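A.B. asks: What would the 3D arrangement of this be:
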Amino acid sequence: GDGLDNRFDSLNSVINIKGTSYRMGTGGTFTGDATPGSRTTVQKKYAANTDRDWRFVGVVLAGESLVLNAVLQGTESSLNWTILTGNSIDHFEIERSTDNVNFRKVGMLSQPVKQNEMQAFTYKDDISRLSDEVLYYRIKVVAASGEFTYSNIVALRKQKTNIPLKLMPNPAGAEIALSFEADNAEEINIRMVDNNGKVVYMQKQKVLKGMNVIRLTDLSRFSNGTYTMQVQMNSKVLSQKFILFN
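C.D. replies: Modelled structure (predicted):
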C-alpha cells in the first residue's frame, strides 16, 4: 500500500516476494549485499521517512534501430539491413532511385520480425539492365498498423566496364544502335545471328577511325528472342548479345 514494488519492499505483510537486501547504509554498495537476506541500513530518501529508501530496478527498454548497408556483387545490389523494434512489422519495401529524390518500389520482403530483438535481412536487386552510374536505396518498414518509417539512404556506384560493342537499347524494339571504336577507317561487316547460329541479317558499312555509332532499323520483321550482333573488322571481331522484343 506504500506504492513500492513488493519485490523491493520490507513490509512484514509481504511474505512470498518481499525484498532480501535493503537498509544497506548511507554510502550504498558497488559490490552488492555481503549477506543477502540480512536487514542492513540503506540510504533513505528523506531522513524523516524511515521506511522510504532509495531502490533501483534495472529495466531494459524497447529500442528502435534500423540500419541499411549495401554492396555491389557483380550485376546485383546486395542490400543488408538490421532492425530492432517493439512494433509489429508487416513487411519491408525496397525502394530505388537514380537521383536520390524520386524513389520507386523495386521489391518487397515479408518475413516474421521478432519484437525487441535485433534481426538481419537481405535482399538482392538485379541491376544488369540499368545503365545509371549511381543508384540509391532505402528500406520502407511498414507496421501492421499501417504506419511506416524509412531507413537511411545508401548510394552504390556501378563500376565502369569497357564493353567493346555497346547495343542500345537492350532489349531492343524496331531499332538498335551499335557503338564501337574502330582502329582504322575501313569497311566492316555487321551480322545479326539468331539463337540457333543462323545469320538472319548482314550489312556492309564504312566506318571512320575512332568511335562510331551505327543505327539499324526495321528489326520488327524478326521474331522476338535472343540474338548476337557481330561487327567484323580487318583486325578483330566484336560481338554482343541482345534481346529483341516487339
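A.B. asks: Show me which residues of stretch 68-77 are buried.
C.D. replies: Along stretch 68-77, these residues count as buried under the neighbour rule (16 or more other Cβ atoms under 10 Å): Leu68, Ala70, Ser77. In short, each C-beta sits where N, CA and C put it, glycine included.
A.B. asks: cool, and stretch 234-246?
C.D. replies: When neighbours are counted by 16+ other Cβ under 10 Å, the buried residues of stretch 234-246 are found to be Leu238, Gln240, Phe242, Leu244.
A.B. asks: Likewise for stretch 205-225?
C.D. replies: Buried residues in stretch 205-225, defined by neighbour count with 16+ other Cβ under 10 Å: Val207, Asn212, Leu216, Leu219.
A.B. asks: Closest to Pro164 out of the residues you listed?
C.D. replies: Sorting those by how near they are to Pro164, with Cβ to Cβ, puts Asn212 at the top with 12.0 Å.
A.B. asks: Quick check: the closest one touching Asn184?
C.D. replies: No - under the criterion of Cβ atoms under 8 Å, Asn212 makes no contact with Asn184, lying 11.5 Å away.
A.B. asks: which regions of the chain sit below the pLDDT cut-off?
C.D. replies: Within the chain, the ranges that satisfy pLDDT under 70 run 1-63, 160-163.
A.B. asks: most centrally placed residue in it?
C.D. replies: The residue lying closest to the centre of the chain (Cα atoms, centre = their mean) is Leu79, at 2.9 Å.
A.B. asks: Confirm that Ser145 lies within a strand, as I assumed.
C.D. replies: No - residue assignment for Ser145, taken from DSSP: H, G, I helix; E, B strand; the rest coil, gives coil, which places it outside any strand.
A.B. asks: What is the neighbour count of it?
C.D. replies: If you count neighbours by other Cβ atoms under 10 Å, Ser145 ends up with 9.
A.B. asks: In contact with it, which residues?
C.D. replies: Taking Cβ atoms under 8 Å, 6 or more residues apart in numbering as the criterion, Ser145 is in contact with Asn87, Ser88.
A.B. asks: now swap in Asn212 and tell me
C.D. replies: By Cβ under 8 Å, 6+ apart, the contact list for Asn212 reads Leu178, Ser179, Phe180, Glu181, Ala182.
A.B. asks: Mind listing the strands the host helix or strand of it pairs with, and their directions?
C.D. replies: For Asn212, the enclosing helix or strand under DSSP states H and E is strand 210-216. Neighbouring strands of strand 210-216 in its sheet, by DSSP bridges, are strand 176-182 (antiparallel).
A.B. asks: would JSON lines of the buried residues of stretch 234-246 with distance to Asn87 and secondary structure be doable?
C.D. replies: Converted to JSON lines, the buried residues of stretch 234-246 look like this (distance: Cβ to Cβ, whole Å; DSSP: H, G, I helix; E, B strand; the rest coil):
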{"residue": "Leu238", "distance to Asn87": "55", "secondary structure": "strand"}
{"residue": "Gln240", "distance to Asn87": "49", "secondary structure": "strand"}
{"residue": "Phe242", "distance to Asn87": "47", "secondary structure": "strand"}
{"residue": "Leu244", "distance to Asn87": "48", "secondary structure": "strand"}
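A.B. asks: Distance to Met202 added to the residues you listed, as JSON lines?
C.D. replies: Listed next are these as JSON lines, based on distance: Cβ to Cβ, whole Å:
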{"residue": "Leu238", "distance to Met202": "15"}
{"residue": "Gln240", "distance to Met202": "16"}
{"residue": "Phe242", "distance to Met202": "16"}
{"residue": "Leu244", "distance to Met202": "16"}
